[in-house]
Structure formats: structure tokens, C-alpha cells
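In: Give me a model of this one.
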Amino acid sequence: MDSRRDPNQLDRRHFARAASSGLALFAIPGWFAACARPRPAVGLPAPGPDENRPRLLLHVSNDEARRWRLGQVFGIFLMRGAPEELAPLATCELRCATTTDLEAWGVDLTEAHAILDVRGQAPAIALRGNFPNEDYDSSAFEPDDRHYAERVHGNHRWIAAQLAQALGPGSPAFERGLARERAAGLGFDVNASPSPERVSSAPCHSLAAAQANPSTREAWHKALATFAADRWLDEAPAGSSWATTYGCAETLEKPLHEEQLSIRCGMGHVPAMGRRFLHLFSVEELHGG
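Out: Down below sits the predicted model:
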């Protein structure tokens, strides 16, 4: 362990529990990063570049276990989701909001992982319930990690189904998006060819074109997923940071810190597809407490 770090900043109880009960599906909880005390902006995230687009707010729960699990599962979804699963995210802005931020909205946050904020509508839960695969299964320790991948993709399908319902064709958010794009003169015929320009300026029309045309659906989905990835895979959604782990330590990509925690425990194993994920900043971290 880095002897320079104040030992009072480390909550070793979380590490002990993880060591005794087994790793979670997506690696050790984020107590390592809590030592860093980052200071991102405080308060509910401001509207994104297009303030009229829906905001999908990841619920950063006061409950540590829920918080790190959402960061792991949703972060890997952003990294590894299939184009058709990620495509609806092109129609929204993605941010984080703490329980404290969201409580005033009167939404039941008990099982909520993400809240959809659409201008002119009451906030609604966009992602809720228990993830299909949360507990670590020792059979995932396979040379090619096939079992692990199957469980990850099960979570992806579950997330994608709820996002499609909240953001996809037929949803109130989608219909408002179509109307907004038409009013701005950005709409186009569903038989138009896929292009990055059409996707960035009129994502709802692009998603409609994907639904209407099987021959170009794959190309539309790839373009939509690329547009989403370009916004969030380098720069994490506001209120979070990308992080990496190999099983015994967690390193934040931003903000950067001079000191890092290093533990040589020899017991960690994280398949490659799960090594990069989102660390969601808690209320205490946001306030530097």
C-alpha cells in the first residue's frame, strides 16, 4: 500500500467484505477511488449542448453498493453494448444526478437506476429493477471468459429493452424529438442514406429510418451508436469518471491524481471486457468530504 496516503481515508471494511464473500460480477466495489476525493461540479447537471433533448440522468444512489453496481454495469454497457442496443442513446444527453438532487422531483427512487427528464413532461423512471446478473459466479473463471460474457450480455439486453421503451419509437420522448427536429427543419425522409451529419442533427429521424428500412438498419444503428460513443467513451458523463481495474485496484482516468493506491492481493480477476467502467461520484466525493 502507498505509505504516503492517509490511512483514515481508506474504508478497509469494504475490502474485507469483498475478500471474504467473493468479488461482484464486475469487480471490487469502488472504495479505492473514494480515497482520491475528486471535486467535480456540485448539483444537478445542467442541460447539455442541445437543451431541448431529453436528459437521461443516472441515479447516483446514497447506497454504495447500488452506486458502484450501476457504474460497473452501465459503464460496460456503454463500452460493449451492441449498436442496436446503444442506438436510442443518441437521442438524449447523459448525465449523473445524486439521490439528493432527485428527491425533490417526487419520483420513487427505490428501484430507479436512471431518470428521464423531458422538457415539458414530468420526470419518469427509464431504468429500474434488479440487474439480471449481479453476483459473481466462480464458473466465470474460464480461459476465454465465455460465461462472464454471457452474463454481461444478459445485462445489456435488459438495459436496452428499457431504454428502447423510454427513448425509442413510440415513446413520448421520441415523438417529441421527431416534432422538434421537424420544427427546426432537420427532418428527412426515412429512405435517406445513413450519414454522421444526419445522425448528429436529427437522431430521432435517424432512429425512425432504422426502424423503417431493414436494408439500411444496421448502418443506421452503427452510426447512431458511434455518435453516442464519441460523446461519452472519452469524456465520462458529468458526475462520473471512467475507471479501470484488474481486480485489486481501481484507477480513475479523470480527474488525475498524483497519488495512487496499489494493492498486491493476488486474488483479483477481471475479464478484459469488464476492466473499464464508470465510477459515479457520491455526494461526499462531490463535496470533497
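
In: pLDDT weak spots in the stretch 101-250 of the chain?
Out: For the stretch 101-250 of the chain, applying pLDDT under 70 flags the ranges 135-144, 247.

In: go with 50
Out: 138 (pLDDT under 50).

In: Could I get the full set of helices for it?
Out: Remark: helices assigned in the stretch 101-250 of the chain by DSSP state H, counting those that start in this stretch are 146-167, 172-183, 196-201, 203-212, 214-232.

In: how distant is stretch 241-251 from the center of its chain?
Out: On the basis of CA atoms, centre = their mean, to the nearest Å, stretch 241-251 sits 16 Å off its chain's mean C-alpha point.

In: State the distance spanning the first to the last residue of it.
Out: End-to-end distance for stretch 241-251, by CA to CA, to the nearest Å: 10 Å.

In: for it, which positions count as buried?
Out: Ser241, Trp242, Ala243, Thr245, Gly247, Cys248, Ala249, Glu250, Thr251 (16 or more other CB atoms under 10 Å). From N, CA and C alone the C-beta is placed, and that goes for glycine too.

In: ok, now which ones touch the second one?
Out: This points to Trp242. Shown in contact with Trp242 (CB atoms under 8 Å, 6 or more residues apart in numbering): Gly75, Leu233, Ala236, Leu252, Glu253, Lys254, Arg276, Phe277, Leu278, His279.

In: quick one: it from Ala229, how far?
Out: From Trp242 across to Ala229, the span is 12 Å (CB to CB, to the nearest Å).

In: ditto for the first one
Out: The span separating Ser241 from Ala229 equals 17 Å under the rule CB to CB.

In: Equivalent analysis for Thr100, please.
Out: 30 Å.
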